[in-house]
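**Student:** Return atomic coordinates for the entry below.
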Amino acid sequence: MEHITKAQLKKIRMLARDKKARDKEGLFVAEGVKVIGELVDKGHLPKTVVVAHSFAETKANREFLECIQAHGLFSVRGASDRDLENASSLQHSQGIIAIMKKPVLSGPSSSNLSSKEKMLIILCDGVQDPGNMGAIIRSSVAFGVGAVIITGGGVDVFNSKVVRASSGMVLNIPILEYDKDEIRRLKDEGFYLFASHVSKLETRSLDEITSIPDKSIVAFGAEGKGLSEEMREIADEEFYIPISEKAESLNVAAAVAITLHTFTRA
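**Tutor:** The predicted model follows:
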């Protein structure tokens, strides 16, 4: 196994920590056996896999490497445990890092989305927490959502913590970066925009929504802030999720999962 160079380690550190580097190189980092295994099982081969020297000391890890290499050709390089720990974005590295090709987030144009006769889209407006974003992507895949749209900035979906929280599902669904004008175009092309809100004033309970338009977008806002006023203004309808008065609001990832469960059964 060829040993990784210092320059290559530096590149991994940059990819793990810096969105600009990921955008420039068109690459991102996935860490850990479970996440890398999920990616490879879905047909997403890494460009390079880097393993700590201690990683290959166990039979299970050697068998894992053999298993993922059976899916296709990619290089495997070794690194000292200390070097890989320094390159990792995790508090404690699991001893294996994969460098993956990043898809272009511009994705299909709004007209291509609108060409579908039926599509449910989740819109994240300024969601900041990597764990929440990863969980939203995972729920969206689980419930058959057609695409996830990102507006208002927020966390980079190819942040390694998002990739980890999504269980590697960031490559299993179109994820698109749109501005507010592009959302308006989607509405002009037939999409109905639902907006999640914590207030019961002038909104409808999620339980009361029994008919979902074939082409629908469901928007959720940033942690602690909710949807931007601009997004609320262009929404066709606002709804709230009924919860106990003992709790002020739901975590945004939980709100998405509950809403998707309701919408996909309606």
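**Student:** all helices of the stretch 151-266 of the chain, in order?
**Tutor:** For the stretch 151-266 of the chain, applying DSSP state H, counting those that start in this stretch gives helices covering 160-165, 180-188, 229-234, 252-263.
**Student:** Next, residue 128: secondary structure please.
**Tutor:** coil (DSSP: H, G, I helix; E, B strand; the rest coil).
**Student:** Give me the neighbour count for the nearest residue to residue 209 once chain neighbours are set aside.
**Tutor:** Spatial nearest neighbour of residue 209, chain neighbours left out: residue 239 (6.1 Å); criterion: CB to CB, 6 or more residues apart in numbering. Where C-beta positions appear, they are placed from N, C-alpha and C, glycine not excepted. Using other CB atoms under 10 Å, residue 239 has 21 other residues around it.
**Student:** Identify the residues contacting residue 239.
**Tutor:** Residue 239 is in contact with 194-197, 203-206, 208-209, counting by CB atoms under 8 Å, 6 or more residues apart in numbering.
**Student:** Let's see if you can find the most crowded of these.
**Tutor:** Neighbour counts for the contacts of residue 239 peak at residue 196, which has 26 neighbours (criterion: other CB under 10 Å).
**Student:** residue contacts, it?
**Tutor:** Contacts for residue 196 were tallied using CB under 8 Å, 6+ apart; they are 218-221, 227, 238-241, 255, 259.
**Student:** Widest-spaced pair of the contacts of residue 239?
**Tutor:** Within these, 195 and 208 form the most distant pair, 15.0 Å apart (CB to CB).
**Student:** Output the helices of the stretch 151-266 of the chain in TSV; the columns should cover mean neighbour count and distance to residue 25.
**Tutor:** As requested, the helices of the stretch 151-266 of the chain are exported to TSV (neighbours: other CB atoms under 10 Å; distance: least, CB to CB, whole Å):
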stretch	mean neighbour count	distance to residue 25
helix 160-165	23	14
helix 180-188	16	26
helix 229-234	13	32
helix 252-263	20	29
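**Student:** Format those as CSV; extra columns: mean pLDDT and distance to residue 49.
**Tutor:** Converted to CSV, the helices of the stretch 151-266 of the chain look like this (pLDDT from 0 to 100; distance: least, CB to CB, whole Å):
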stretch, mean pLDDT, distance to residue 49
helix 160-165, 93, 14
helix 180-188, 92, 36
helix 229-234, 91, 40
helix 252-263, 95, 29
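**Student:** Need those in JSON lines (columns: distance to residue 130).
**Tutor:** Shown next, in JSON lines, are the helices of the stretch 151-266 of the chain (distance: least, CB to CB, whole Å):
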{"stretch": "helix 160-165", "distance to residue 130": "4"}
{"stretch": "helix 180-188", "distance to residue 130": "23"}
{"stretch": "helix 229-234", "distance to residue 130": "22"}
{"stretch": "helix 252-263", "distance to residue 130": "11"}
